[in-house]
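Undergrad: Predicted model and sequence follow; I will ask about them next.
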Amino acid sequence: MGRKKGGTNKRWSAQEKYEIIKPIIEGKKSSHDVTRETGLSNGMICNWIKKYRENGIKGLENKRKPGNQLVKYQARKELTEIEKLEYEIVENLSKEYNIESLCKLLEVSRSGYYKWGKRKGTLNRYQNDRRILSEMIIDIHKKHRTWGYRHIAAYIRKALGWGFSDNLCHKCCKTLKIRSIARKPPYIKGGEENITYPNIIHNNWSTTRPLEKVCTDTTIFYNHNQSYDLTMYIDVFNNEIVAYDLAISKHGCNPSNHYRAMKKLLKIKEKRGYKDLETIVHSDQGAIYTSRAFANTHKDYTIIRSMSRVGTPTDNPIIESLNGWIKEEMAKDFNLYKTKDVHKTVKDYIYYFNNERLAYSLNYKSPIQYRTELSFK
């Protein structure tokens, strides 16, 4: 007696096999008696006895691999357009002719036809998961239109613990016609170095600790016909905005704006225990950065100055690229151009940037999360 139709084969352990054949080995029962009692085939029982006599109970162990346990989660095979058309022909003619005869005539699987009829109009597991993922992508894109597909995929994986590839997210975004706002800066030929503060970075941005290398720049944005200067200091170690200052714009030439931002940096450097460690501060050759008054603000600290070549933003690529993205994200995701409280909006965004915004270069961690996980202050 074999297994019932539609059932599954049972996997017997070595101990279970031994308990079944033990009466036969000890001479208490015959193999036919055991066959009648257990419902197992006589050939299987004799094979177990043979393996036991050759290698003992070890010979009864299952050597066959159990197979891929993730197969059940894979997508069902998609039917081709021709297969769908053949099943539709069978369905249309089934009222007048026998289904089995129609399947033989068209050389299609009868069981496949019945499965198609049962599943017709319903989504399989893969299609349903993709539909849910697409809905989530739409909701995220409405809030963060500057995010690319990798950023969206990392956010969903972190928030829900889902396991899927960036490529699947890219396909969904492509189907939904969702794209981030990409920026492509033009090529600019390099200029001359500053005599007082030469470029000692030379695009070597590798670091081993926080506040080892810091880059700074001022960017301008508008709100209700009023322009503002936002001066930021970004720690190259984890792209964290460690200090900033916002003021009414003077086209980047507001001394107070720069002095306040530098003093905040020095305060953070001292507070976090890096006062005696050298920090390279890299900037462009703006009028404020090259002034003696600005140099006097940090003369008593372990600050080493470095400057980009004239008209060469590629010498300061980290903050130059982030300036564009930061203004884009504040405008699209934080409603910067229409907000009535600019200072609060900028403060909220910088908190979001440091504590919540996932960065691809940091293995999709926020700057502060990346720093604290490495046990740095």
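TA: It's in.

Undergrad: Tell me the pLDDT of residue 16.
TA: With respect to pLDDT, residue 16 scores 86.

Undergrad: now it, what's its secondary structure?
TA: Here residue 16 is helix, with the state taken from DSSP: H, G, I helix; E, B strand; the rest coil.

Undergrad: strand partners of the helix or strand harbouring residue 227, parallel vs antiparallel please.
TA: Element membership of residue 227 [criterion: DSSP states H and E] is strand 226-235. Neighbouring strands of strand 226-235 in its sheet, by DSSP bridges, are strand 213-223 (antiparallel), strand 240-248 (antiparallel).

Undergrad: between those, which gets nearest to residue 331?
TA: Evaluated over the strands paired with strand 226-235, closeness to residue 331 peaks at strand 213-223, with 7.8 Å, by C-beta to C-beta. To be clear about C-beta, it is placed using only N, CA and C from the backbone, and glycine gets the same treatment.

Undergrad: average pLDDT across the closest one?
TA: 92.

Undergrad: Please, where are all the helices along the stretch 1-150 of the chain?
TA: With DSSP state H, counting those that start in this stretch as the criterion, the stretch 1-150 of the chain has helices at 14-25, 31-38, 42-55, 81-93, 99-106, 110-119, 125-143, 149-160.

Undergrad: can you tell me which of those helices comes nearest to residue 169?
TA: Among the helices of the stretch 1-150 of the chain, helix 149-160 comes nearest to residue 169, with 3.8 Å by C-beta to C-beta.

Undergrad: Residue 292: neighbour count?
TA: 8 (other C-beta atoms under 10 Å).

Undergrad: how far away is the nearest residue in space to residue 153 that is not next to it in sequence from residue 358?
TA: With C-beta to C-beta, 6 or more residues apart in numbering as the criterion, residue 153 has its nearest non-adjacent residue at 3.8 Å, and that residue is residue 169. To residue 358, residue 169 is 14 Å away according to C-beta to C-beta, to the nearest Å.

Undergrad: what's the answer for residue 22, then?
TA: Separation of residue 22 from residue 358 (C-beta to C-beta): 61 Å.

Undergrad: cool, and residue 267?
TA: 28 Å.

Undergrad: Could you check how far the nearest residue to residue 45 once chain neighbours are set aside is from residue 308?
TA: Distance criterion C-beta to C-beta, 6+ apart; nearest residue to residue 45, sequence neighbours excluded, is residue 31 at 5.3 Å. From residue 31 across to residue 308, the span is 88 Å (C-beta to C-beta).

Undergrad: More neighbours: the two, which one.
TA: Neighbours were counted for residue 31 and for residue 308 using other C-beta under 10 Å; residue 308 has more, 28 against 17.

Undergrad: isn't the more buried one right next to residue 289, touching?
TA: No. The pair residue 308 / residue 289 is not scored as a contact, 9.9 Å apart, by C-beta atoms under 8 Å.

Undergrad: where do the contact lists of those two overlap?
TA: Both residue 308 and residue 289 are in contact with residue 283, where contact means C-beta atoms under 8 Å, 6 or more residues apart in numbering.

Undergrad: Identify the residues contacting residue 17.
TA: Taking C-beta under 8 Å, 6+ apart, we find residue 17 in contact with 48, 52, 60.

Undergrad: now, among those residues, which is nearest to residue 195?
TA: Using C-beta to C-beta, the contacts of residue 17 come closest to residue 195 at residue 60, 85.0 Å.
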